[in-house]
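return a 3D structure for these sequence lines:
(one chain, ligands or ions: 2)
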Amino acid sequence: MTKKRAIVLAAGKGTRMKTELPKCAFPILKKPMVEYIIENLEHSVVDETVVVIGHQREVFEKMLGDRVSFAIQEAQQGTGHACLATSALLEGKAGTTLILLGDMPLINNKLINKILNAHENSNNDLTVVTAEFDNPKGYGRIVRNQYGRIQAIVEDADCTKEQKAIKEINTGIYAVDNEQLFRYLPQIELNRRKGEYYLTDIVALMQKDCHIGTFAMRDAYRVMGVNDLYNASVAEKHLREDINKRHMLNGVSIINPETVTIGHNVTIDPGVTIHPNTTITGDSAVGENAVIGPNSEIHNAIIRPDVHVRHSLVFDSEVMERTTVGPFAHVRSGAVIGPDNRIGNFVEIKKTTTGPNTKAAHLAYIGDTDVGHSVNFGAGSVTVNFDGVEKHKTTIGNDVFIGCNTNLIAPITIDDNVFIAAGSTVTKNVPKGALAIARNKQINKEDYVKHLIRPRHNHNGQK
Ligand code: UD1
Ligand code: CA
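Ligands and ions are numbered 1, 2, ... in the order given. Here you go, the predicted model:
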(Lines give C-alpha, C1' and ligand atoms only; values in the text may rest on other atoms or scores of the structure.)
(Ligands and ions follow the chains in the order given, each with its own letter.)
Protein backbone atom coordinates (compact mmCIF):
# COMPACT_ATOMS: atom_id res chain seq x y z
CA MET A 1 0.00 0.00 0.00
CA THR A 2 1.24 3.46 -0.82
CA LYS A 3 1.74 5.67 2.19
CA LYS A 4 -0.79 8.50 2.30
CA ARG A 5 0.01 11.84 3.88
CA ALA A 6 -1.79 15.14 4.03
CA ILE A 7 -0.53 18.71 4.13
CA VAL A 8 -2.97 21.30 5.47
CA LEU A 9 -2.08 24.95 4.82
CA ALA A 10 -3.06 27.13 7.75
CA ALA A 11 -0.26 29.67 8.12
CA GLY A 12 -2.07 32.66 6.66
CA LYS A 13 -3.51 35.57 8.61
CA GLY A 14 -6.75 35.76 6.66
CA THR A 15 -6.68 39.51 6.09
CA ARG A 16 -10.08 39.49 4.38
CA MET A 17 -11.71 38.10 7.54
CA LYS A 18 -10.85 41.31 9.44
CA THR A 19 -10.77 39.31 12.68
CA GLU A 20 -8.08 39.02 15.37
CA LEU A 21 -8.14 35.24 15.24
CA PRO A 22 -6.14 33.63 12.41
CA LYS A 23 -8.57 32.57 9.69
CA CYS A 24 -8.23 28.80 9.95
CA ALA A 25 -8.93 28.98 13.70
CA PHE A 26 -12.14 30.92 13.14
CA PRO A 27 -15.14 28.95 14.44
CA ILE A 28 -17.92 27.54 12.31
CA LEU A 29 -20.73 26.32 14.60
CA LYS A 30 -18.39 27.09 17.52
CA LYS A 31 -15.61 24.82 16.24
CA PRO A 32 -12.41 26.07 14.55
CA MET A 33 -12.45 25.55 10.77
CA VAL A 34 -9.20 23.62 10.64
CA GLU A 35 -10.43 21.16 13.26
CA TYR A 36 -13.12 19.95 10.88
CA ILE A 37 -10.41 19.16 8.36
CA ILE A 38 -8.18 17.38 10.87
CA GLU A 39 -11.10 15.35 12.24
CA ASN A 40 -12.08 14.23 8.75
CA LEU A 41 -8.47 13.35 7.92
CA GLU A 42 -8.33 11.26 11.10
CA HIS A 43 -11.37 9.35 9.86
CA SER A 44 -9.96 8.86 6.37
CA VAL A 45 -7.34 6.59 4.77
CA VAL A 46 -4.64 9.24 5.36
CA ASP A 47 -1.83 7.92 7.59
CA GLU A 48 -0.28 11.16 8.80
CA THR A 49 -0.92 14.88 8.60
CA VAL A 50 1.38 17.89 8.57
CA VAL A 51 -0.20 21.28 9.27
CA VAL A 52 1.67 24.36 8.05
CA ILE A 53 1.34 27.17 10.56
CA GLY A 54 2.87 30.64 10.92
CA HIS A 55 0.63 33.55 11.87
CA GLN A 56 -0.31 33.05 15.57
CA ARG A 57 0.99 29.52 15.34
CA GLU A 58 0.54 28.90 19.09
CA VAL A 59 -3.25 28.95 18.60
CA PHE A 60 -2.96 25.86 16.39
CA GLU A 61 -0.30 24.16 18.50
CA LYS A 62 -2.61 24.42 21.50
CA MET A 63 -5.70 23.39 19.54
CA LEU A 64 -4.26 20.35 17.74
CA GLY A 65 -1.49 19.23 20.11
CA ASP A 66 0.06 15.95 19.03
CA ARG A 67 -2.77 14.95 16.69
CA VAL A 68 -0.65 16.25 13.78
CA SER A 69 2.92 17.31 12.98
CA PHE A 70 3.60 20.96 12.42
CA ALA A 71 5.76 22.72 9.82
CA ILE A 72 6.50 26.39 10.36
CA GLN A 73 6.23 28.99 7.60
CA GLU A 74 7.80 32.05 9.21
CA ALA A 75 6.75 34.61 6.60
CA GLN A 76 3.61 33.91 4.60
CA GLN A 77 4.82 34.07 1.00
CA GLY A 78 2.07 32.10 -0.66
CA THR A 79 0.63 28.59 -0.88
CA GLY A 80 3.62 27.20 -2.83
CA HIS A 81 6.02 28.59 -0.27
CA ALA A 82 3.84 27.14 2.52
CA CYS A 83 4.07 23.63 1.02
CA LEU A 84 7.83 23.95 0.78
CA ALA A 85 7.91 24.50 4.56
CA THR A 86 7.12 20.80 4.96
CA SER A 87 10.22 19.63 3.09
CA ALA A 88 12.22 18.86 6.26
CA LEU A 89 9.45 16.41 7.20
CA LEU A 90 8.35 15.03 3.85
CA GLU A 91 10.91 15.52 1.08
CA GLY A 92 12.19 12.35 -0.59
CA LYS A 93 9.56 10.07 0.93
CA ALA A 94 7.60 7.72 -1.30
CA GLY A 95 3.83 7.88 -1.32
CA THR A 96 0.87 10.09 -2.13
CA THR A 97 0.36 13.51 -0.58
CA LEU A 98 -3.01 15.17 -0.34
CA ILE A 99 -2.77 18.95 -0.11
CA LEU A 100 -5.69 20.77 1.50
CA LEU A 101 -6.28 24.41 2.36
CA GLY A 102 -7.18 25.11 5.97
CA ASP A 103 -10.17 27.27 5.02
CA MET A 104 -12.49 24.60 3.61
CA PRO A 105 -14.42 23.34 6.63
CA LEU A 106 -17.10 21.49 4.63
CA ILE A 107 -14.77 18.81 3.24
CA ASN A 108 -15.52 15.34 4.61
CA ASN A 109 -13.71 12.03 5.03
CA LYS A 110 -15.68 10.23 2.30
CA LEU A 111 -14.63 12.84 -0.20
CA ILE A 112 -11.01 12.64 0.94
CA ASN A 113 -11.01 8.86 0.41
CA LYS A 114 -12.70 9.21 -2.96
CA ILE A 115 -10.11 11.72 -4.19
CA LEU A 116 -7.17 9.57 -3.06
CA ASN A 117 -8.75 6.51 -4.58
CA ALA A 118 -9.36 8.25 -7.92
CA HIS A 119 -5.80 9.58 -7.91
CA GLU A 120 -4.24 6.18 -7.32
CA ASN A 121 -6.41 4.43 -9.88
CA SER A 122 -5.56 7.01 -12.52
CA ASN A 123 -1.75 6.74 -12.41
CA ASN A 124 -1.64 10.53 -12.34
CA ASP A 125 1.40 12.22 -10.85
CA LEU A 126 -0.90 15.07 -9.90
CA THR A 127 -4.68 15.17 -9.59
CA VAL A 128 -6.25 18.62 -9.25
CA VAL A 129 -9.69 18.64 -7.66
CA THR A 130 -12.00 20.99 -9.53
CA ALA A 131 -15.59 22.18 -9.26
CA GLU A 132 -18.01 24.28 -11.31
CA PHE A 133 -19.18 27.49 -9.67
CA ASP A 134 -21.83 29.76 -11.18
CA ASN A 135 -19.99 32.60 -9.55
CA PRO A 136 -16.30 31.63 -9.77
CA LYS A 137 -15.03 35.03 -8.63
CA GLY A 138 -12.03 34.79 -6.33
CA TYR A 139 -11.09 31.25 -7.30
CA GLY A 140 -8.25 30.09 -9.56
CA ARG A 141 -9.57 29.03 -12.99
CA ILE A 142 -8.77 25.72 -14.71
CA VAL A 143 -7.30 26.42 -18.14
CA ARG A 144 -7.50 23.47 -20.59
CA ASN A 145 -6.02 22.97 -24.06
CA GLN A 146 -7.98 22.04 -27.21
CA TYR A 147 -7.92 18.37 -26.18
CA GLY A 148 -9.43 19.20 -22.82
CA ARG A 149 -6.26 18.53 -20.84
CA ILE A 150 -5.45 20.81 -17.92
CA GLN A 151 -2.65 23.25 -18.78
CA ALA A 152 -2.57 25.69 -15.92
CA ILE A 153 -4.42 27.26 -13.04
CA VAL A 154 -4.77 31.02 -13.35
CA GLU A 155 -5.63 33.04 -10.26
CA ASP A 156 -8.66 35.31 -10.48
CA ALA A 157 -6.61 38.50 -10.36
CA ASP A 158 -4.31 37.27 -13.16
CA CYS A 159 -7.12 36.11 -15.49
CA THR A 160 -7.71 37.58 -18.94
CA LYS A 161 -11.29 38.55 -19.75
CA GLU A 162 -11.84 35.18 -21.49
CA GLN A 163 -10.35 33.26 -18.57
CA LYS A 164 -12.59 35.09 -16.10
CA ALA A 165 -15.57 33.51 -17.89
CA ILE A 166 -14.31 29.97 -17.07
CA LYS A 167 -16.55 28.41 -14.45
CA GLU A 168 -14.35 25.44 -13.65
CA ILE A 169 -12.32 26.38 -10.60
CA ASN A 170 -9.46 25.07 -8.53
CA THR A 171 -10.77 23.84 -5.19
CA GLY A 172 -7.28 24.01 -3.68
CA ILE A 173 -7.21 20.23 -3.12
CA TYR A 174 -4.49 18.24 -4.85
CA ALA A 175 -3.38 14.63 -4.69
CA VAL A 176 0.23 14.37 -5.78
CA ASP A 177 3.10 11.91 -5.90
CA ASN A 178 5.21 13.04 -2.95
CA GLU A 179 8.62 12.74 -4.65
CA GLN A 180 7.41 14.70 -7.71
CA LEU A 181 5.92 17.35 -5.43
CA PHE A 182 9.29 18.19 -3.90
CA ARG A 183 10.98 18.04 -7.29
CA TYR A 184 8.71 20.78 -8.66
CA LEU A 185 7.92 22.96 -5.62
CA PRO A 186 11.34 24.70 -5.63
CA GLN A 187 10.85 25.58 -9.29
CA ILE A 188 7.81 27.77 -8.61
CA GLU A 189 8.69 31.38 -9.33
CA LEU A 190 7.61 34.47 -7.48
CA ASN A 191 4.39 36.02 -8.76
CA ARG A 192 5.51 39.62 -9.02
CA ARG A 193 2.08 41.19 -8.85
CA LYS A 194 1.25 39.55 -5.51
CA GLY A 195 4.78 38.90 -4.23
CA GLU A 196 3.85 35.27 -3.51
CA TYR A 197 4.81 31.78 -4.64
CA TYR A 198 1.59 30.22 -5.94
CA LEU A 199 1.17 26.49 -5.47
CA THR A 200 -1.16 26.63 -8.45
CA ASP A 201 1.83 27.34 -10.73
CA ILE A 202 2.96 23.75 -10.19
CA VAL A 203 0.41 22.65 -12.80
CA ALA A 204 2.04 24.56 -15.63
CA LEU A 205 5.47 23.33 -14.47
CA MET A 206 4.49 19.67 -14.26
CA GLN A 207 2.31 19.40 -17.34
CA LYS A 208 5.30 19.05 -19.71
CA ASP A 209 6.77 15.90 -18.20
CA CYS A 210 4.16 14.51 -15.86
CA HIS A 211 0.71 13.07 -16.01
CA ILE A 212 -1.84 15.50 -14.62
CA GLY A 213 -5.52 14.81 -14.31
CA THR A 214 -8.51 16.44 -12.68
CA PHE A 215 -11.18 15.15 -10.34
CA ALA A 216 -14.45 17.02 -10.71
CA MET A 217 -16.55 17.47 -7.59
CA ARG A 218 -20.30 17.33 -7.78
CA ASP A 219 -21.30 18.96 -4.49
CA ALA A 220 -19.31 22.10 -5.21
CA TYR A 221 -20.31 23.80 -1.95
CA ARG A 222 -18.32 21.20 0.01
CA VAL A 223 -15.08 22.76 -1.15
CA MET A 224 -15.95 26.42 -0.82
CA GLY A 225 -13.13 28.49 0.64
CA VAL A 226 -13.92 30.71 3.59
CA ASN A 227 -12.15 34.01 3.00
CA ASP A 228 -14.37 36.51 4.80
CA LEU A 229 -17.11 36.60 7.41
CA TYR A 230 -19.81 36.42 4.77
CA ASN A 231 -18.29 33.18 3.42
CA ALA A 232 -18.16 31.93 7.01
CA SER A 233 -21.91 32.48 7.37
CA VAL A 234 -22.57 30.63 4.11
CA ALA A 235 -20.41 27.69 5.19
CA GLU A 236 -22.19 27.65 8.52
CA LYS A 237 -25.58 27.58 6.80
CA HIS A 238 -24.57 24.59 4.65
CA LEU A 239 -23.15 22.74 7.61
CA ARG A 240 -26.22 23.47 9.73
CA GLU A 241 -28.51 22.12 7.01
CA ASP A 242 -26.43 18.95 6.59
CA ILE A 243 -26.32 18.26 10.32
CA ASN A 244 -30.01 19.00 10.94
CA LYS A 245 -31.00 16.76 8.03
CA ARG A 246 -28.91 13.90 9.40
CA HIS A 247 -30.61 14.18 12.79
CA MET A 248 -34.10 14.47 11.32
CA LEU A 249 -33.59 11.36 9.20
CA ASN A 250 -32.47 9.66 12.39
CA GLY A 251 -35.77 10.38 14.15
CA VAL A 252 -35.13 13.74 15.79
CA SER A 253 -37.97 16.19 15.35
CA ILE A 254 -36.70 19.71 14.63
CA ILE A 255 -39.30 22.46 14.49
CA ASN A 256 -38.40 25.33 12.16
CA PRO A 257 -34.93 23.91 11.47
CA GLU A 258 -33.54 27.10 9.88
CA THR A 259 -33.42 28.52 13.39
CA VAL A 260 -31.82 25.49 15.02
CA THR A 261 -28.05 25.06 15.16
CA ILE A 262 -26.55 21.73 16.13
CA GLY A 263 -22.78 21.32 16.37
CA HIS A 264 -20.78 18.73 14.46
CA ASN A 265 -19.99 16.52 17.46
CA VAL A 266 -23.39 16.55 19.14
CA THR A 267 -25.21 13.23 19.53
CA ILE A 268 -29.01 13.21 19.75
CA ASP A 269 -31.12 10.10 20.31
CA PRO A 270 -34.25 9.43 18.27
CA GLY A 271 -37.47 10.73 19.78
CA VAL A 272 -35.95 14.05 20.85
CA THR A 273 -37.84 17.25 19.92
CA ILE A 274 -35.96 20.50 19.34
CA HIS A 275 -37.97 23.71 19.24
CA PRO A 276 -37.01 26.94 17.39
CA ASN A 277 -34.11 29.25 18.19
CA THR A 278 -32.06 26.61 19.90
CA THR A 279 -28.34 25.85 19.64
CA ILE A 280 -26.75 22.66 20.86
CA THR A 281 -22.97 22.68 20.43
CA GLY A 282 -19.65 21.34 21.67
CA ASP A 283 -19.49 17.80 23.03
CA SER A 284 -23.17 17.66 23.92
CA ALA A 285 -25.45 14.63 24.01
CA VAL A 286 -29.24 14.57 24.25
CA GLY A 287 -31.10 11.42 25.36
CA GLU A 288 -34.32 9.89 24.11
CA ASN A 289 -37.56 11.88 24.29
CA ALA A 290 -35.92 14.98 25.71
CA VAL A 291 -37.48 18.26 24.62
CA ILE A 292 -35.13 21.18 24.07
CA GLY A 293 -36.17 24.77 23.39
CA PRO A 294 -37.55 27.06 22.27
CA ASN A 295 -34.85 29.69 22.78
CA SER A 296 -32.28 27.52 24.52
CA GLU A 297 -28.52 27.16 24.38
CA ILE A 298 -26.81 23.89 25.26
CA HIS A 299 -23.01 23.67 25.12
CA ASN A 300 -20.80 20.77 26.26
CA ALA A 301 -23.72 19.36 28.19
CA ILE A 302 -25.27 15.94 28.72
CA ILE A 303 -29.04 15.97 28.69
CA ARG A 304 -30.50 12.62 29.80
CA PRO A 305 -33.76 11.10 28.51
CA ASP A 306 -37.11 12.83 29.10
CA VAL A 307 -35.52 16.08 30.28
CA HIS A 308 -37.25 19.32 29.25
CA VAL A 309 -35.21 22.49 28.76
CA ARG A 310 -37.20 25.62 27.82
CA HIS A 311 -35.88 29.17 27.30
CA SER A 312 -32.70 28.28 29.19
CA LEU A 313 -28.92 27.83 29.07
CA VAL A 314 -27.07 24.66 30.04
CA PHE A 315 -23.28 24.91 29.78
CA ASP A 316 -20.64 22.28 30.75
CA SER A 317 -23.16 20.42 32.89
CA GLU A 318 -25.28 17.28 33.11
CA VAL A 319 -29.04 17.06 33.64
CA MET A 320 -30.49 13.69 34.68
CA GLU A 321 -33.69 11.92 33.59
CA ARG A 322 -37.09 13.65 33.69
CA THR A 323 -35.78 16.91 35.15
CA THR A 324 -37.24 20.16 33.86
CA VAL A 325 -35.07 23.22 33.32
CA GLY A 326 -36.59 26.66 32.76
CA PRO A 327 -38.16 28.79 31.65
CA PHE A 328 -35.23 31.19 32.06
CA ALA A 329 -32.77 29.06 34.01
CA HIS A 330 -28.95 29.00 33.77
CA VAL A 331 -27.14 25.78 34.60
CA ARG A 332 -23.37 26.00 34.25
CA SER A 333 -19.75 25.14 35.15
CA GLY A 334 -19.91 21.46 36.01
CA ALA A 335 -23.36 21.32 37.56
CA VAL A 336 -24.88 17.84 37.81
CA ILE A 337 -28.64 18.06 38.29
CA GLY A 338 -30.21 14.83 39.56
CA PRO A 339 -33.27 13.07 38.16
CA ASP A 340 -36.83 14.40 38.61
CA ASN A 341 -35.59 17.85 39.62
CA ARG A 342 -37.30 21.10 38.80
CA ILE A 343 -35.07 24.04 38.02
CA GLY A 344 -37.47 26.84 37.28
CA ASN A 345 -37.82 30.52 36.49
CA PHE A 346 -34.74 32.68 37.04
CA VAL A 347 -32.66 30.05 38.80
CA GLU A 348 -28.88 29.92 38.33
CA ILE A 349 -27.03 26.76 39.29
CA LYS A 350 -23.26 26.64 39.16
CA LYS A 351 -20.79 23.85 40.06
CA THR A 352 -23.44 22.10 42.13
CA THR A 353 -24.74 18.55 42.38
CA THR A 354 -28.28 17.69 43.38
CA GLY A 355 -29.87 14.38 44.33
CA PRO A 356 -33.20 13.09 42.98
CA ASN A 357 -36.43 15.01 43.32
CA THR A 358 -34.95 18.36 44.37
CA LYS A 359 -36.65 21.60 43.37
CA ALA A 360 -35.73 25.23 42.94
CA ALA A 361 -38.76 26.51 41.16
CA HIS A 362 -38.10 30.24 41.10
CA LEU A 363 -35.53 32.98 41.75
CA ALA A 364 -32.56 31.20 43.31
CA TYR A 365 -28.77 31.11 43.10
CA ILE A 366 -27.13 27.83 44.05
CA GLY A 367 -23.35 27.73 43.64
CA ASP A 368 -20.55 25.41 44.84
CA THR A 369 -23.10 23.28 46.64
CA ASP A 370 -23.77 19.58 47.21
CA VAL A 371 -27.48 19.03 47.61
CA GLY A 372 -29.18 15.78 48.62
CA HIS A 373 -32.52 14.40 47.48
CA SER A 374 -35.98 15.91 47.98
CA VAL A 375 -34.74 19.38 48.88
CA ASN A 376 -36.98 22.38 48.26
CA PHE A 377 -35.46 25.81 47.64
CA GLY A 378 -37.99 28.58 48.19
CA ALA A 379 -38.11 31.62 45.93
CA GLY A 380 -35.16 33.90 46.57
CA SER A 381 -32.87 31.29 48.17
CA VAL A 382 -29.22 32.14 47.80
CA THR A 383 -26.06 30.23 48.65
CA VAL A 384 -23.72 33.04 49.60
CA ASN A 385 -20.59 31.40 48.26
CA PHE A 386 -18.28 34.36 47.68
CA ASP A 387 -16.73 36.45 50.43
CA GLY A 388 -15.11 38.84 47.99
CA VAL A 389 -11.88 36.87 47.87
CA GLU A 390 -12.67 33.15 47.84
CA LYS A 391 -15.51 30.80 46.92
CA HIS A 392 -16.85 28.54 49.72
CA LYS A 393 -18.84 25.33 49.75
CA THR A 394 -22.35 24.65 50.95
CA THR A 395 -23.55 21.14 51.84
CA ILE A 396 -27.24 20.39 52.12
CA GLY A 397 -28.57 16.96 53.16
CA ASN A 398 -31.79 15.15 52.19
CA ASP A 399 -35.40 16.26 52.76
CA VAL A 400 -34.45 19.85 53.56
CA PHE A 401 -36.92 22.72 53.24
CA ILE A 402 -35.33 26.10 52.60
CA GLY A 403 -37.81 28.91 53.11
CA CYS A 404 -38.14 31.87 50.74
CA ASN A 405 -35.43 34.55 50.79
CA THR A 406 -32.95 32.47 52.75
CA ASN A 407 -29.23 33.28 52.65
CA LEU A 408 -26.92 30.36 53.40
CA ILE A 409 -23.55 31.92 54.24
CA ALA A 410 -20.88 29.44 53.10
CA PRO A 411 -18.96 27.48 54.20
CA ILE A 412 -21.96 25.85 55.83
CA THR A 413 -23.58 22.44 56.29
CA ILE A 414 -27.32 21.89 56.55
CA ASP A 415 -28.05 18.35 57.75
CA ASP A 416 -30.93 16.03 56.75
CA ASN A 417 -34.55 16.81 57.46
CA VAL A 418 -33.95 20.47 58.35
CA PHE A 419 -36.53 23.25 57.99
CA ILE A 420 -35.25 26.80 57.51
CA ALA A 421 -37.70 29.60 58.15
CA ALA A 422 -38.28 32.09 55.36
CA GLY A 423 -36.12 35.19 55.43
CA SER A 424 -33.31 33.60 57.45
CA THR A 425 -29.67 34.49 57.04
CA VAL A 426 -28.05 31.29 58.20
CA THR A 427 -24.42 31.55 59.29
CA LYS A 428 -24.05 28.43 61.47
CA ASN A 429 -24.39 24.74 60.58
CA VAL A 430 -27.88 23.31 61.22
CA PRO A 431 -28.10 19.82 62.80
CA LYS A 432 -30.35 17.00 61.65
CA GLY A 433 -34.07 17.50 62.18
CA ALA A 434 -33.74 21.13 63.42
CA LEU A 435 -35.87 24.14 62.62
CA ALA A 436 -33.58 27.11 61.98
CA ILE A 437 -34.88 30.66 62.27
CA ALA A 438 -32.30 33.38 61.77
CA ARG A 439 -34.14 36.67 61.50
CA ASN A 440 -35.38 39.45 63.78
CA LYS A 441 -38.56 38.85 65.70
CA GLN A 442 -41.57 40.82 64.46
CA ILE A 443 -43.00 43.52 66.69
CA ASN A 444 -46.63 44.66 66.25
CA LYS A 445 -47.42 48.00 67.93
CA GLU A 446 -51.17 47.95 68.45
CA ASP A 447 -53.26 51.00 67.52
CA TYR A 448 -50.12 52.89 66.56
CA VAL A 449 -50.64 54.12 63.00
CA LYS A 450 -52.74 57.12 63.96
CA HIS A 451 -49.65 58.56 65.73
CA LEU A 452 -47.62 58.56 62.54
CA ILE A 453 -47.28 62.00 60.99
CA ARG A 454 -48.23 61.37 57.39
CA PRO A 455 -48.91 63.83 54.57
CA ARG A 456 -52.57 63.91 53.66
CA HIS A 457 -53.52 63.40 50.05
CA ASN A 458 -56.72 64.47 48.41
CA HIS A 459 -58.30 62.29 45.77
CA ASN A 460 -56.13 63.98 43.03
CA GLY A 461 -52.97 62.90 44.81
CA GLN A 462 -52.24 66.55 45.75
CA LYS A 463 -51.21 67.58 49.21
C1 UD1 B 1 -6.49 29.55 -3.17
C2 UD1 B 1 -5.91 29.11 -4.54
C3 UD1 B 1 -7.01 29.24 -5.60
C4 UD1 B 1 -8.19 28.39 -5.22
C5 UD1 B 1 -8.69 28.75 -3.82
C6 UD1 B 1 -9.71 27.73 -3.37
C7 UD1 B 1 -3.51 29.65 -4.63
C8 UD1 B 1 -2.51 30.62 -5.09
N9 UD1 B 1 -4.79 29.96 -4.88
O10 UD1 B 1 -6.78 30.92 -3.26
O11 UD1 B 1 -6.52 28.81 -6.85
O12 UD1 B 1 -9.23 28.55 -6.16
O13 UD1 B 1 -7.62 28.76 -2.85
O14 UD1 B 1 -10.31 28.09 -2.15
O15 UD1 B 1 -3.15 28.65 -4.06
N16 UD1 B 1 -1.68 29.92 3.32
C17 UD1 B 1 -0.52 29.62 3.98
N18 UD1 B 1 0.60 30.36 3.72
C19 UD1 B 1 0.60 31.37 2.82
C20 UD1 B 1 -0.60 31.68 2.15
C21 UD1 B 1 -1.72 30.93 2.42
O22 UD1 B 1 -0.47 28.70 4.79
O23 UD1 B 1 1.65 31.98 2.63
C24 UD1 B 1 -2.89 29.15 3.64
C25 UD1 B 1 -3.97 30.01 4.22
O26 UD1 B 1 -3.92 30.00 5.65
C27 UD1 B 1 -5.25 29.36 3.70
C28 UD1 B 1 -4.81 28.65 2.44
O29 UD1 B 1 -3.40 28.62 2.45
O30 UD1 B 1 -5.77 28.41 4.59
C31 UD1 B 1 -5.33 29.32 1.18
O32 UD1 B 1 -4.92 30.67 1.15
P33 UD1 B 1 -5.90 31.80 0.62
O34 UD1 B 1 -5.20 33.08 0.73
O35 UD1 B 1 -7.22 31.66 1.23
O36 UD1 B 1 -6.00 31.40 -0.93
P37 UD1 B 1 -7.10 31.85 -1.97
O38 UD1 B 1 -6.85 33.25 -2.38
O39 UD1 B 1 -8.43 31.52 -1.44
CA1 CA C 1 -9.17 30.72 0.48
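
count of neighbours near residue 233?
Residue 233 has 11 neighbours, counted by other C-beta atoms under 10 Å. C-beta here means a position set from N, CA and C on the backbone, and glycine is covered the same way.

ditto for residue 127
Residue neighbour count, defined by other C-beta under 10 Å, stands at 25 for residue 127.

what of residue 289?
Neighbours around residue 289, by other C-beta under 10 Å: 16.

now do residue 282
Residue 282 has 18 neighbours, counted by other C-beta under 10 Å.

model confidence for it, exactly?
On pLDDT, residue 282 comes in at 94.

gap between the residue lying closest to it once chain neighbours are set aside and ligand 1?
What sits nearest to residue 282 in space, not counting adjacent residues and going by C-beta to C-beta, 6 or more residues apart in numbering, is residue 300, at 3.8 Å. Distance, residue 300 to ligand 1, using C-beta to the nearest ligand atom, to the nearest Å: 27 Å.

now swap in residue 387 and tell me
Relative to ligand 1, residue 387 is positioned 48 Å away (C-beta to the nearest ligand atom).

what's around that residue, how many residues?
11.

mind listing what's buried in stretch 85-96?
Judged by neighbour count (16 or more other C-beta atoms under 10 Å), stretch 85-96 contains these buried residues: 85-86, 90, 96.

can you pull the phi/psi pair for residue 304?
The phi/psi pair for residue 304 (degrees, to the nearest 10) reads phi -80, psi 170.

what's near enough to touch it?
Contacts for residue 304 (C-beta atoms under 8 Å, 6 or more residues apart in numbering) come out as 287, 290, 318-321, 323, 339.

same question for residue 76.
By C-beta under 8 Å, 6+ apart, the neighbours of residue 76 are 11-13, 54-55, 82.

ok, the closest residue to ligand 2 within the stretch 51-200 of the chain to ligand 1 distance?
For the stretch 51-200 of the chain, the residue closest to ligand 2 is residue 103, as judged by C-beta to the ion, at 4.5 Å. Distance, residue 103 to ligand 1, using C-beta to the nearest ligand atom: 4 Å.

ditto for residue 347
44 Å.

now residue 417
62 Å.

wait, what's in contact with the closest residue to ligand 2 within the stretch 301-450 of the chain?
Closest residue of the stretch 301-450 of the chain to ligand 2, C-beta to the ion: residue 315 (32.6 Å). Contact analysis of residue 315 by C-beta under 8 Å, 6+ apart lists 297-301, 331-333.

can you list the residues of this protein near ligand 2?
103, 225, 227 (C-beta under 5 Å from the ion).

if we go to 6 Å?
Neighbours of ligand 2 within the chain, by C-beta under 6 Å from the ion: 101, 103, 225, 227.

quick one on the thing from earlier: so is the residue of the stretch 51-200 of the chain closest to ligand 2 in a helix, a strand, or just coil?
Following DSSP: H, G, I helix; E, B strand; the rest coil, we place residue 103 in the coil state.

who's in contact with it?
If you count contacts by C-beta under 8 Å, 6+ apart, residue 103 has them with 14, 23-24, 33, 225-227.

export these to JSON lines and append columns for distance to residue 215 and neighbour count.
Formatted as JSON lines, these follow (distance: C-beta to C-beta, whole Å; neighbours: other C-beta atoms under 10 Å):
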{"residue": "14", "distance to residue 215": "27", "neighbour count": "21"}
{"residue": "23", "distance to residue 215": "25", "neighbour count": "24"}
{"residue": "24", "distance to residue 215": "23", "neighbour count": "31"}
{"residue": "33", "distance to residue 215": "22", "neighbour count": "24"}
{"residue": "225", "distance to residue 215": "17", "neighbour count": "20"}
{"residue": "226", "distance to residue 215": "21", "neighbour count": "26"}
{"residue": "227", "distance to residue 215": "23", "neighbour count": "17"}
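
for the residues you listed, which one is nearest ligand 1?
residue 225 (2.7 Å; C-beta to the nearest ligand atom).

just checking, the closest one touches residue 139?
Yes. Judged on C-beta atoms under 8 Å, residue 225 makes contact with residue 139 at a distance of 7.3 Å.

and whichever helix in the chain runs longest with ligand 1, contact?
Across the chain, the longest stretch assigned as helix under DSSP state H is helix 229-249. No. Helix 229-249 stays clear of ligand 1 (C-beta under 6 Å from any ligand atom), getting no nearer than 9.6 Å.

in the stretch 1-150 of the chain, where is pLDDT below threshold?
Nowhere does the stretch 1-150 of the chain drop to pLDDT under 70.
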